[in-house]
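Undergrad: build me a model:
(one chain, ligands or ions: 4)
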Amino acid sequence: LKLESDMHNGIRNGEFSLHYQPIYDPFDERVVGIEALMRWQHPVHGAVPPGVFIPLAESAGLIGFLGDWALRNACMQLMQWDRLGIYLEYASVNVSAQQFRDTRFPSVVRDAVTLTGISPRRIVLEITESVLMHDPLHAKGLLEDLTALGIRFAVDDFGTGYSSLAYLQSFPLATLKIDRRFITDLPTSRNDQAIVDAVVGLARTLELQLVAEGVETQEQLGMLTARGCHLIQGWLICKALPSAELTEKFQQGM
Ligand code: G
Ligand code: G
Ligand code: MN
Ligand code: NA
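TA: Ligands and ions are numbered 1, 2, ... in the order given. You can find the predicted model right below:
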């Protein structure tokens with residue numbers, strides 16, 4: 001496949017970058033963390049969506065390299081912001097199914113901590129329900145090992161998979177990220193309101209942080225805060241931006 005071989009060139013030519021999206025606490029009115037989101041600017045096709053190139057990177061055997069690169073860069077960026085006096089608690093980094101299954105994954109994470117010198121408490125790894133549930137015993141062991149180092153885990157796209165609640169409470173998790181499909185119609189959909197209420201309750205019971213994704217309007221935000229969801233991510237606050245642009249926003253007091 002052409003796009004696949006283009007990826008090899010793209011890596012060499014610096015076509016991959018990370019954008020960062022703030023995770024915001026509307027009560028304290030402060031940014032608590034950022035999610036790193038990978039971008040590929042193809043010289044001919046322009047921006048290739050991650051939904052396209054992440055699966056390609058997996059089948060091309062490049063996800064390990066790209067994932068490692070993303071993790072280290074996100075850690076270094078957080079520390080760069082520290083040096084500029086912009087303190088963010090954590091960087092949240094997506095982990096694909098194949099990365100998670102790779103036996104080298106735990107050492108990749110440990111190496112990122114050692115090489116960058118970041119506090120492991122400041123790394124959140126985002127995995128989906130299906131990654132957790134694919135092999136729950138393996139997942140549990142891996143999460144326990146890395147949690148012992150201080151690394152934290154978030155369940156991404158929560159509500160779209162089929163995680164068993166029994167398993168959910170047995171994993172050492174820090175955060176649920178409720179998928180944006182439940183947020184979009186929140187102001188009008190009684191169903192989505194009920195789902196958000198249920199997830200808020202679940203997060204409270206399991207003592208997990210809850211982040212709402214894809215918050216685009218003040219109305220959605222109002223409904224979320226009224227329901228007790230205290231962390232939000234979405235275009236209402238800020239799009240995912242290149243680090244330089246986000247630095248400017250931070251310095252202008254976002
Ligand atoms: O911003 P957005 O279109 O970028 O992201 C789309 C999807 O791509 C998300 O589901 C996200 O989890 C995934 N994604 C973005 N960056 C990364 C990354 O660095 N690694 C992995 N595995 N997935 C990513
Ligand atoms: O799957 P994951 O949650 O990792 O990816 C987050 C995705 O959501 C990214 O593609 C990001 O660009 C996108 N995103 C972030 N905020 C918003 C938003 O407010 N609205 C929409 N439609 N997408 C968003
Ligand atoms: Mn994510
Ligand atoms: Na998500």
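
Undergrad: could you point out the longest helix in this structure?
TA: Secondary structure of the chain read by DSSP state H shows that its longest helix is helix 63-83.

Undergrad: that one and ligand 1 in contact?
TA: Yes - remark: helix 63-83 sits within contact range of ligand 1 at Gly67, Ala70, by Cβ under 6 Å from any ligand atom. C-betas here are computed from N, CA, C, even on glycine.

Undergrad: elements contacting that helix?
TA: When contacts are defined as 3 or more Cβ pairs under 8 Å, 6 or more residues apart in numbering; DSSP states H and E, helix 63-83 sits against strand 16-25, strand 30-42, helix 50-59, strand 90-94, helix 97-101, helix 105-116, helix 243-251.

Undergrad: and with 7 Å instead?
TA: strand 16-25, strand 30-42, strand 90-94, helix 97-101, helix 105-116 (3 or more Cβ pairs under 7 Å, 6 or more residues apart in numbering; DSSP states H and E).

Undergrad: relative to Thr217, which of those is closest?
TA: Nearest to Thr217, of all the helices and strands packed on helix 63-83, is strand 16-25, at 14.3 Å by Cβ to Cβ.

Undergrad: pull out the buried positions in that closest one.
TA: Phe16, Leu18, His19, Tyr20, Gln21, Pro22, Ile23, Tyr24 (16 or more other Cβ atoms under 10 Å).

Undergrad: what sits against the residue nearest to Leu62 when sequence neighbours are not counted?
TA: In space, Leu62 comes closest to Met7 once its chain neighbours are excluded; the distance is 5.7 Å by Cβ to Cβ, 6 or more residues apart in numbering. By Cβ atoms under 7 Å, 6 or more residues apart in numbering, the contact list for Met7 reads Phe53, Leu56, Ala57, Ala60, Leu62.

Undergrad: try 10 Å
TA: Residues counted as contacts of Met7 (Cβ atoms under 10 Å, 6 or more residues apart in numbering) are 1, 15-16, 40, 42, 48, 53, 56-57, 60, 62, 65-66.

Undergrad: columns pLDDT and distance to Glu219 on top of those residues, output as TSV?
TA: Shown next, in TSV, are the contacts of Met7 (pLDDT from 0 to 100; distance: Cβ to Cβ, whole Å):
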residue	pLDDT	distance to Glu219
Leu1	67	43
Glu15	98	38
Phe16	98	36
Trp40	98	34
His42	96	37
Val48	96	33
Phe53	97	34
Leu56	95	37
Ala57	96	37
Ala60	93	42
Leu62	96	41
Phe65	96	42
Leu66	97	37
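
Undergrad: what's the closest of these to ligand 1?
TA: For the contacts of Met7, the residue nearest ligand 1 by Cβ to the nearest ligand atom is Leu66; the value is 6.8 Å.

Undergrad: the closest one and Ser96, how far apart?
TA: In this view, Leu66 and Ser96 are 9 Å apart by Cβ to Cβ, to the nearest Å.
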